[in-house]
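Engineer: pasting the structure only:
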């Protein structure tokens with residue numbers, strides 16, 4: 001009698017343990033599926049949401065400027081999403097086409113001369129124009145190279161983006177060949193610091209600018225793969241010990257790549 005009771009007890013305990021395992025396994029599967037769904041839908045959803053906010057913001061600023069007779073919303077019972085964005089695109093394209101001609105260039109020159117006579121406005125206009133031309137110029141090297149350098153102290157490394165070669169007074173006052181490096185902040189890479197660093201203290205990375213920006217925005221969570229040859233990956237290019245930092249310049253980088 002006791003043996004049968006013990007067998008029943010053991011069976012019930014085994015069933016209980018099995019049931020708990022199944023419930024735990026079911027919960028873990030549900031949790032993993034839920035997280036997978038979040039990882040898939042969150043980037044897409046956030047991208048669409050930000051795009052929708054941008055379209056609505058442009059529409060709210062541009063659509064009221066359209067005359068009532070030419071506004072499609074006057075004749076339709078609903079608002080046309082993206083109408084303002086389309087108008088901005090068409091307007092900018094038309095302006096670019098018109099300034100390509102002789103009269104357009106003359107008008108631009110007269111406008112720039114008028115702005116150059118305004119003390120405060122000319123400084124703002126000149127800075128904004130130079131920045132936009134640098135970014136949009138196809139043959140510019142701005143933000144096309146990701147570099148590694150020690151910051152803010154020896155032994156602590158940071159990644160930045162080369163924006164050009166240092167010129168003018170800053171270069172003339174320094175003994176080294178200095179490069180303009182933009183050090184972005186995390187998670188907002190649009191703000192940061194402009195550093196003037198000797199070229200010999202920079203290590204040019206193989207990652208693209210897009211990969212570097214993703215790494216900065218994610219706080220290092222998204223790390224691009226090392227595309228260098230296996231032999232180069234096994235060799236430490238830079239090191240820092242006892243406050244003495246060993247770096248490489250472009251000449252040694254070229255030699256290593258050739259070997």
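Structural biologist: Ah, there it is. Computed from a prediction, not measured in an experiment: that's the story for all the values here. Numbers count the residues shown, from 1 in each chain.
Engineer: any idea how far residue 65 lies from residue 26?
Structural biologist: 58 Å (CB to CB, to the nearest Å). Backbone N, C-alpha and C define where each C-beta goes, glycine included.
Engineer: outline the domain layout of the chain.
Structural biologist: Here the domain parsing of the chain from automatic domain parsing is 1-95, 146-258.
Engineer: now, of the ones you listed, which is deepest in the fold?
Structural biologist: Among the domains of the chain, domain 146-258 has the highest mean neighbour count (mean count of other CB atoms under 10 Å), at a mean of 14.
Engineer: same question for that domain, mean pLDDT?
Structural biologist: Averaging pLDDT along domain 146-258 yields 80.
Engineer: return the residues in contact with the most centrally placed residue in the chain.
Structural biologist: Note on the chain: the residue nearest the mean C-alpha position is residue 213, at 3.6 Å, using CA atoms, centre = their mean. Contact partners of residue 213, counting by CB atoms under 8 Å, 6 or more residues apart in numbering, are 184, 189.
Engineer: same question for residue 185.
Structural biologist: 191-192, 216.
Engineer: any idea whether the closest residue to residue 145 other than its chain neighbours is helix, strand or coil?
Structural biologist: The shortest distance from residue 145 to any non-neighbouring residue, by CB to CB, 6 or more residues apart in numbering, is to residue 162 (4.4 Å). Following DSSP: H, G, I helix; E, B strand; the rest coil, we place residue 162 in the strand state.
Engineer: what does stretch 98-113 contact?
Structural biologist: residue 125.
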